[in-house]
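**Q** My questions concern the predicted model and sequence given below.
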Amino acid sequence: MADVLRKEMKLSASALSYFFIAFGLMFFLPGYPVLCGAFFVTLGIFQSFQNAVAANDIVFSALLPIAKKDVVKGKYLFSCMIELCAFAVMAMVTVLRMTVFSDSPTYRSNALMNANLFALSMALAVFGAFNVIFVGGFFKTAYKFGKPFIWYCISAFLLIGFSEAIHHFPGLSALNSFGFDNIGLQMVLLFMGGTAYALMTFVSYKKACRSFEKIDL
């Protein structure tokens with residue numbers, strides 16, 4: 001599988017997929033929905049799928065001496081690699097905001113979501129939604145990407161809106177904790193987000209393999 005991933009990285013990938021990893025730094029921004037950074041990361045991955053369709057990459061990959069499911073696996077591995085690289089950037093920024101900048105007036109007066117472990121868990125939820133709705137939807141035809149991307153955009157911004165709103169509800173302010181306040185709850189939420197991401201991606205991958213096997217290229 002290393003060769004398949006290397007092919008995705010060197011031949012199929014758009015440069016924007018790598019450049020957009022930097023949007024993980026949006027977790028630094030006060031007064032801005034930080035989860036939009038996760039959306040922009042997926043927008044970069046979308047560019048690679050768009051390039052792949054334009055270059056007839058799917059047919060080329062299917063002609064290689066590999067199983068059809070390995071074509072699907074390559075796309076999922078590449079998508080997950082970009083997502084997890086961006087997640088690492090977000091995690092580093094979050095650690096800085098939870099430690100060095102935990103008492104910063106700029107962040108303390110921020111009415112929007114703080115960069116904390118709950119924010120990281122919701123970033124994973126956005127990435128999971130991309131893998132299920134867009135990547136999984138793409139492999140229903142292996143060439144149509146507009147409709148699944150629109151459905152993903154709707155879902156992503158619903159998730160972002162939900163994440164920004166939920167901590168304003170009575171009794172849920174702990175979701176927007178600063179620093180290491182309510183760290184036990186925060187860690188549980190991050191674990192749940194990581195588990196959901198892994199399950200969503202795995203189930204979507206298995207379904208995409210079945211769909212792609214039925215397609216006559």
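**A** Sure thing, it's come through. None of the values given here were measured: they were computed from a predicted structure. Numbering: from 1, shown residues only.

**Q** Now do the buried residues in stretch 49-57.
**A** Phe49, Asn51, Ala52, Asp57 (16 or more other C-beta atoms under 10 Å). (Glycine included, C-beta is placed from N, CA and C.)

**Q** With stretch 186-198 instead?
**A** Of the residues in stretch 186-198, Gln186, Leu189, Leu190, Gly193, Tyr197 count as buried by neighbour count, 16+ other C-beta under 10 Å.

**Q** Alpha carbons only: can I get that stretch in PDB?
**A** C-alpha atoms of stretch 186-198 as PDB (Å, rounded to 0.1, in the frame of the first residue of the first chain):
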ATOM      1  CA  GLN A 186     -12.600  17.500  27.500                       C
ATOM      2  CA  MET A 187     -10.600  14.300  27.300                       C
ATOM      3  CA  VAL A 188     -13.700  12.100  27.100                       C
ATOM      4  CA  LEU A 189     -15.100  14.300  24.300                       C
ATOM      5  CA  LEU A 190     -11.800  14.100  22.400                       C
ATOM      6  CA  PHE A 191     -11.800  10.300  22.700                       C
ATOM      7  CA  MET A 192     -15.400  10.100  21.500                       C
ATOM      8  CA  GLY A 193     -14.500  12.300  18.500                       C
ATOM      9  CA  GLY A 194     -11.500  10.200  17.700                       C
ATOM     10  CA  THR A 195     -13.500   7.000  17.900                       C
ATOM     11  CA  ALA A 196     -16.300   8.500  15.800                       C
ATOM     12  CA  TYR A 197     -13.800   9.600  13.100                       C
ATOM     13  CA  ALA A 198     -12.200   6.100  13.000                       C
END
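
**Q** what residue ranges in the protein are flagged as low confidence?
**A** 1, 217 (pLDDT under 70).

**Q** Point to the residue nearest the middle of the chain.
**A** The residue lying closest to the centre of the chain (C-alpha atoms, centre = their mean) is Phe127, at 2.3 Å.

**Q** so who does that residue touch?
**A** Ala38, Val41, Thr42, Glu83, Phe87, Tyr197 (C-beta atoms under 8 Å, 6 or more residues apart in numbering).

**Q** Surely the fourth one and Phe39 touch.
**A** In other words, Glu83. No. Using C-beta atoms under 8 Å, Glu83 is not in contact with Phe39, being 11.6 Å away.

**Q** Now do the buried residues in stretch 25-34.
**A** Met26, Phe27, Phe28, Pro30, Pro33, Val34.

**Q** Restrict it to CA atoms and write it as PDB.
**A** The C-alpha coordinates for stretch 25-34 follow below in PDB (Å, rounded to 0.1, in the frame of the first residue of the first chain):
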ATOM      1  CA  LEU A  25      -3.500  27.500  12.200                       C
ATOM      2  CA  MET A  26      -7.000  29.100  12.200                       C
ATOM      3  CA  PHE A  27      -7.300  27.600  15.700                       C
ATOM      4  CA  PHE A  28      -5.300  30.700  16.700                       C
ATOM      5  CA  LEU A  29      -7.900  33.100  15.500                       C
ATOM      6  CA  PRO A  30     -10.200  34.800  18.100                       C
ATOM      7  CA  GLY A  31     -13.600  36.000  17.100                       C
ATOM      8  CA  TYR A  32     -13.700  33.500  14.200                       C
ATOM      9  CA  PRO A  33     -15.300  30.000  13.900                       C
ATOM     10  CA  VAL A  34     -12.100  28.000  14.300                       C
END
